[in-house]
Structure formats: C-alpha cells, structure tokens
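**Q** model this:
(chains A and B)
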Amino acid sequence: MTSAKSILRMFGPWIVIVGGVVALPLMLSDYWLYSVSLVLVYGIAAIGFNVLLGNTGQISLAPAAFFAFGAYSITIADHHGLPVLVGAVVGIVCSVLVSILLGLITLRLSGFYLALSTLSLATLVQQVAGSLTSVTGGYGGITAPAIIWFHTGWGRIVDDFYTIALVTIVVLIITRNLLRSYLGRALAAVRDADIAAGCSGINPLRYRLLAFVISGVYSALAGCFYTGLVGYIDPGQFGLSLTIQLVGMTVVGGLGSVWGSLIGSGFFVVVPQVFQFATTTEIIAFGVTIMVVMVVLPGGLVAFVERGGDAILPRLRRNSGALSPFTGREVDETPEDTVATVVGPKGGRG
Amino acid sequence: VIELLSLIIAGVAVGSLYGVLALGVTTLLKGTDVPNFAQGSFGLVSAYVTYWLATLVHAWLPLALIGGVLAAAAVGYTADRIAMRRMIGAPIVSLLIFTLGLQITITNIPQIFFGADTQTLPSLVPSGHFGSASLNVPYQSMLVIVAAAAIALGTSQFFARTRVGLNMRASSEHRTWPQYIGVNVPGVLSLTWLLAGLLGGLAGILIASQTYLDPNVMDAALIPAFTAAAIGGFRSILGTYAGGLVLGVTENLVAGYISADFEKSVSFFFLLIVLIIRPQGLFGTRQERRA
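**A** Residues are numbered from 1 along each chain as shown, chains lettered A, B, ... in the order given. Below you'll find the predicted structure:
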C-alpha cells in the first residue's frame, strides 16, 4: 500500500526541483540564466565523468574529445541540412565506438595508461578539428545550431534553459538509479578491490569499459547542448583546459556523488562571476583549488557539507597517511566489505 | 637523399627536445611513481625566469640560465614539500589530478607578468649553420642535440652510479623498507622532485631557445614527451631519450613525405602501438604488474 505520505516523500524533492526550474527564469536575468544553463551543461559531462572517476576509480583525460564529438556532430549535421537529432545520435555513437576501442586497449593496464592515451586522443581530436577546415571551419570556428524543445516566447535563453534543465534532470535520475543498482555496486567493487571483484564474478575489465563508455556518452551529450547554448564552436574550446575543468568540477564537488558534480560545476562557473575574476586569475584559482582539494579535502565539497569541519580538520593536524578521495578514509584501510555488499553473503546478485 | 638527411637531422633536433622533457617524466616515475603532467610547466618556469633575467634585468646570460633552471628545480622541490609529501601512498588518480592542477596553475601565471604575447629568448649560440647550403645543421640545432645527449647520459649515469640515484630507485621500489637501512625516503622523494624540476628547467630553456616562448609552448611537447617515456618503458633513462629521437625523426619523415597534417598524430599511434605490443616499453628492462 502506498499512502499519500510515502508518495509525497518519494516525489516531494523532485516536485520542488521541477518547480524551482520552472520558476527560475522569472527570478534571474538573461545573463545569469545563461550561466546557470552553462552550469547544467558542464554538470551533465561532470556527472558522466564522475561515474568513471569517482565510482570506478579510473581517470580519462578525453572528456573534451567526446565533448567535441557531440558539438561537431550536430553542427556538421545542421550545415548539411540534417536534423540536429541525427547529429546528436551520430556524435554519441562515435563516442561509444571510440570509447570501446580505446578502452579495450588501455583499460587492461593501470589507470595512468588510460589517462595518457586519452590525453593523446584529446590532442589528436583537437588537431583534426583544426585541420579539417572544409568540414569543421578549422581554427576559425563555425556557427552552430540551437537545440530548443520548448517555445515559451520569453526569449531564446529561456527556451534553451528549459531544454537543458529537462535533459539534466533526466540524466540525474538515470545516473542515480544506475548507481544504486547492481551496476553501481559492481563499479565500486572494481574500484576498491578489483581482484576480489573478479573472484566474485564481476569482470573488472567489462565494468571499467562500461563506465568509460558512460562517461563518453555523457560528454558527447553535454557537447551537443553546449553547442546549442553558445552558438559558436572552435577547436580551442575543446582543449586540455576543458578537460581539467571537468576533472576539477568532479573532484571539487565530490567523487562518486551525482549531486556533487552539479555543485562542483556550479562552483566553477558561478564563483568566478561573483568575484569578477579575469580569465587568467580564474584559471589560476581553479588550479589552486584542485590542488588544495586533492591534498586537504579529497571527499570534495559534498563531504564538507555532510561532515562539516570533521572532513577537513584531521587532514590539517596530521602529517602522514594520505586520504582516499573515494572513501574519505585513510588509504591503508582496506575496504573488503565493498565486494561483500555487491555480491551478498551467498554470491547472488543483490 | 639530401632531403631525407636534412629531414632526419631536423627530426633529431626536435626529438632531442622531446627526449629531454621526457627525462623528467621518467625520472619522476622511476623515483616516485608519480605521473607528472606538470613537467612542461617546470620548463615554462625556467624559460620565463631566464627571459626575465636576461632581457629585463640584463643579467649575464649564463647567470640567467642558471637562475632559470634553479627556479624550476625550486618549484619541483616546493611542490613536493608542500603537497606531494602529504599524499605519499594516495591513489595514483589523486596524484595525477594534483599535477593537472599544478599544470594549469603554472601555465597561467606568466600571463600575469608577461602577457600572452610571444617572446624570444636571447640566442645561446651565434646564428648560422654548419655544412653546405643544401645540407646544413644550424648551430642552434647542434647545441640542442649535443646538450640533450649530454643531459641524458648524465642522468642515466646518475641513476646507475651514484648513491643518491640508488636511493631514489630503492625509494620507488618500496616506501618503508629503505628506511630500515637508513635511507630518508621522504627526503629522497623530495630530491627526485628537485631533479625532475631541474631536468624540466633544462628542457624548457632548450625548447624556448629552439622555438619561441609563450604560455602554451610546452603543451605541444607534452604528449610527445610522454610517448617518448612510454617507449622507454617509463623506467629506462636512455630508452626515454632514444624514444624521443625516434619520435622526432618519425614525425619529420611523416610531415616531409606524407602530409604535415599527420605529423601530430604520430605520437598517438606510437603510444597505442607501444601500449598494445610492449607495455613495458621498447627498451624496458623489467616486467612488472601493470594492471
């Protein structure tokens, strides 16, 4: 029996969120609405990236490349008179294929190899986008189509915002449910104890590959809507600094937390605007934040919100014993219990 | 044949630059197991400090060079003392992300002081070249080639022959065991960072003197440098240097005979091929668990 109370408890937060999203354009200027849309777009990519980095413990430095796949696919499709949706599908399929190919080669090796080969891929994609002038507009850039599903008549930016907000909410729900299912626990097991996971019938390679593909797809999706929002793309937008931004959003927000990715994205888009930073200062502040978080607060902002000062103080007092960014505990504490949680006491799928 | 030879010579010069930058990467991996994506930034520090000392303070050029390299070494040492030492034993992903933060920070600092414009270092050797008009080696390239070879040889001898080099190898092997025989492991790790900064600084000066100086000049060399380190199996110093040379020559041959558009993809394919066929590197000396 589901009572009205339990229904309210289940959907209450979502009603608040949807209501907030609908009402937001009434409260914000166009400029801030644009910023919030940007937060959501980066948030989508960061959520996907977090599945790989936070939940699986692997690092890819190619989100910018997959971002570019999405961005250029819809732009090129549009310039050839095809529907934007076709472009989006092509971009996502490209991301999946490239992820699988690259993942099969490098995921057998340690995390550092994945980072290196993906960084190499990202550089290559950026250069290809720059040199195929006839298709991509080269380094000069190319105008991009808008993606708008709502026509409110309140201005283009409001339509953009509603579209992006809808996609973000869908992505949030899907990801949260995925991570709470068998998949999420299997990823955590592979991250914390891959040999034990393998012994329990969880193929580490397969789950790493899956997480890599998920992160690629989300990046491509974010690339599509980013393009629709900014209206103009050039290869310079998809460089190493975009990747580091996404890494930073994920890490600062909190590894393994879906909401953390959005918080991190908001932090890095909104804070520089509040303080009116120049671009250079903004990026330096960004880099310093990443370093400080890695050393002092590996759990990210979410851990800080959840546990307050406890999350940061022990780190400042002690001088040894690195913290794991995934669990917030000291690295030496081995999380044997993760695998047991996944497979259950008798090894069945929980 | 003359075209081929001049392409190869130019390739060796470029490859020497990759090789020297890669030496720092390999040194850190060999000594601390940290993949350092900020290696190019060390080069940026030394190049900008040298530029500042030589053209704005008007210091004597050798002094400016020494100042630049020391500044880069200091940055490497400081990074370890302030942060990396607290992260001993942290997952490799955390270390890697930290170096990314360091990279993006250092890359943007010069813009505050010098702007984003392209600068040039004062030339280290007289302009002009050696050889005939059709087949020649500029003095600048000769300097790069000779200096790179000397640096690579020196570093490999340092690791093979000196007590400190031995301690570094031991400290990377295990974090506590060397302490039982009196090795100060955290101190040795700091020294390794110092050495990596030093090598990065030398690489930065060579790169900036061969090409130009702007905040992003080192980025182009970073991926080739890591690929060179991969060819060396991330452990072998001379293998890394040789990897740089192979990469530079291949890039130039591809650019000369196929198309300049493909030049920059050479690194990517080299890297993939090395990872597929020989993850321990073409010159790798030992098998270890890579998974």
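
**Q** mind listing what residue 51 touches?
**A** By default, I'm working from chain A. Applying CB atoms under 8 Å, 6 or more residues apart in numbering or on different chains, we find A:Val51 in contact with A:Thr175, A:Leu178, A:Leu179, A:Leu187, A:Ala211, A:Ile214, A:Ser215, A:Tyr218. The C-beta positions use only the backbone N, C-alpha and C, and glycine is treated the same way.

**Q** right idea, wrong chain: chain B
**A** The contact partners of B:Tyr51, taken as CB under 8 Å, 6+ apart, are B:Gly68, B:Phe114, B:Gln119, B:Leu121, B:Ala208, B:Leu213.

**Q** quick one: which of those residues is most hemmed in?
**A** B:Gly68 (27 neighbours; other CB atoms under 10 Å in any protein chain shown).

**Q** residue 112: neighbour count?
**A** Using chain A. Neighbour count for A:Phe112, taken as other CB under 10 Å: 21.

**Q** um, chain B though
**A** B:Ile112 is flanked by 11 other residues according to other CB under 10 Å.

**Q** and it, what helix or strand is that in?
**A** Applying DSSP states H and E as the criterion places B:Ile112 in helix B:92-114.

**Q** tell me if that helix is near chain A.
**A** Yes: using CB under 8 Å from any CB of the partner chain, helix B:92-114 comes into contact with chain A via B:92-94, B:96-98, B:100-106, B:108-109, B:111-112.

**Q** give me the buried subset of these.
**A** Neighbour counting with 16 or more other CB atoms under 10 Å in any protein chain shown marks B:92-94, B:96-98, B:100-106, B:108-109, B:111 as buried within the residues of helix B:92-114 next to chain A.

**Q** and those residues, which is closest to A:Met10?
**A** Distances from A:Met10 to these, taken as CB to CB, are shortest for B:Val93 (35.1 Å).

**Q** which stretches of the stretch 101-250 of chain B have low pLDDT?
**A** Applying pLDDT under 70 to the stretch 101-250 of chain B flags no residue at all.

**Q** re earlier: contacts with chain B among the contacts of A:Val51, please.
**A** By CB under 8 Å from any CB, no member of the contacts of A:Val51 lies near chain B.

**Q** quick one, longest helix in the chain?
**A** Using chain A here. The longest helix of chain A (DSSP state H) is helix A:204-230.

**Q** let me rephrase: I mean chain B.
**A** Criterion DSSP H: the longest helix present in chain B is helix B:2-32.

**Q** next SSE after it?
**A** Counting by DSSP H and E, the element after helix B:2-32 in chain order, helix or strand, is helix B:39-51.

**Q** what's the mean pLDDT across that next one?
**A** Mean per-residue pLDDT for helix B:39-51: 91.

**Q** what does stretch A:96-114 give?
**A** Mean per-residue pLDDT for stretch A:96-114: 84.

**Q** check stretch A:17-36 too.
**A** 81.

**Q** likewise stretch B:265-278?
**A** Stretch B:265-278 comes out with an average pLDDT of 83.

**Q** put the alpha carbons of it into PDB.
**A** The C-alpha trace of stretch B:265-278 is given here as PDB (Å, rounded to 0.1, in the frame of the first residue of the first chain):
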ATOM      1  CA  SER B 265      49.100  12.100 -34.900                       C
ATOM      2  CA  VAL B 266      52.400  10.200 -34.900                       C
ATOM      3  CA  SER B 267      52.600  10.400 -31.100                       C
ATOM      4  CA  PHE B 268      49.100   9.000 -30.600                       C
ATOM      5  CA  PHE B 269      49.700   5.900 -32.800                       C
ATOM      6  CA  PHE B 270      53.200   5.300 -31.400                       C
ATOM      7  CA  LEU B 271      51.700   5.400 -27.900                       C
ATOM      8  CA  LEU B 272      48.900   3.000 -28.800                       C
ATOM      9  CA  ILE B 273      51.200   0.600 -30.500                       C
ATOM     10  CA  VAL B 274      53.700   0.600 -27.600                       C
ATOM     11  CA  LEU B 275      50.800   0.000 -25.200                       C
ATOM     12  CA  ILE B 276      49.400  -2.800 -27.200                       C
ATOM     13  CA  ILE B 277      52.600  -4.600 -28.100                       C
ATOM     14  CA  ARG B 278      55.100  -3.900 -25.400                       C
END
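
**Q** that one close to chain A?
**A** Yes: among the residues of stretch B:265-278, B:Ser265, B:Ser267, B:Phe268, B:Leu271, B:Leu272, B:Leu275, B:Ile276 lie within reach of chain A under CB under 8 Å from any CB.

**Q** need the contact list for A:Gly216.
**A** A:Gly48, A:Ala62, A:Pro63, A:Phe66, A:Ser95, A:Val96, A:Val98, A:Ser99.

**Q** and the gap between it and B:Pro138?
**A** For A:Gly216, the distance to B:Pro138 (CB to CB, to the nearest Å) stands at 44 Å.

**Q** what strand or helix carries the nearest residue to A:Gly138 once chain neighbours are set aside?
**A** Leaving aside its sequence neighbours, A:Gly138 sits nearest to A:Gly130 (CB to CB, 6 or more residues apart in numbering or on different chains; 5.8 Å). Using DSSP H and E, A:Gly130 sits in helix A:111-131.

**Q** and chain B, is the next helix-or-strand element following that helix touching that?
**A** From helix A:111-131 onward toward the C-terminus, using DSSP H and E, the following helix or strand is helix A:133-136. No: if you take CB under 8 Å from any CB as the test, helix A:133-136 misses chain B, and the best it gets is 10.4 Å.

**Q** how far does helix A:133-136 sit from its chain's centre?
**A** Averaged C-alpha coordinates place helix A:133-136 at 28 Å from its chain's average position (CA atoms, centre = their mean, to the nearest Å).

**Q** what helices and strands are in contact with the helix or strand following it?
**A** Sequence-wise, the next helix or strand downstream of helix A:133-136 (DSSP H and E) is strand A:142-143. Applying 3 or more CB pairs under 8 Å, 6 or more residues apart in numbering or on different chains; DSSP states H and E, one finds that strand A:142-143 contacts helix A:63-79, strand A:232-233.

**Q** ok, strand A:142-143: who's next to it in the sheet?
**A** Strand A:142-143 has its sheet partners listed here by DSSP bridges as strand A:232-233 (antiparallel).

**Q** which residues touch the partner strand?
**A** The contact list for strand A:232-233 (CB under 8 Å, 6+ apart) reads A:Ala71, A:Tyr72, A:Thr75, A:Gly141, A:Ile142, A:Thr143, A:Ala144, A:Thr227.

**Q** alpha carbons only: can I get the helix holding B:Ile112 in CSV?
**A** What follows is helix B:92-114, C-alpha atoms only, in CSV (Å, rounded to 0.1, in the frame of the first residue of the first chain):
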residue,chain,number,x,y,z
ILE,B,92,47.6,7.3,-8.4
VAL,B,93,44.5,9.1,-9.7
SER,B,94,44.8,11.7,-6.9
LEU,B,95,48.4,12.3,-7.6
LEU,B,96,47.7,12.7,-11.3
ILE,B,97,44.8,15.1,-10.7
PHE,B,98,47.1,17.1,-8.4
THR,B,99,49.7,17.5,-11.2
LEU,B,100,47.0,18.6,-13.6
GLY,B,101,46.1,21.4,-11.2
LEU,B,102,49.7,22.3,-10.9
GLN,B,103,50.0,22.4,-14.7
ILE,B,104,47.0,24.7,-15.3
THR,B,105,48.2,27.0,-12.5
ILE,B,106,51.7,27.4,-13.6
THR,B,107,50.8,27.7,-17.3
ASN,B,108,48.6,30.8,-16.5
ILE,B,109,50.9,32.6,-14.0
PRO,B,110,53.3,34.0,-16.7
GLN,B,111,50.4,35.8,-18.3
ILE,B,112,50.0,38.0,-15.3
PHE,B,113,53.6,39.2,-15.5
PHE,B,114,54.5,39.0,-19.2
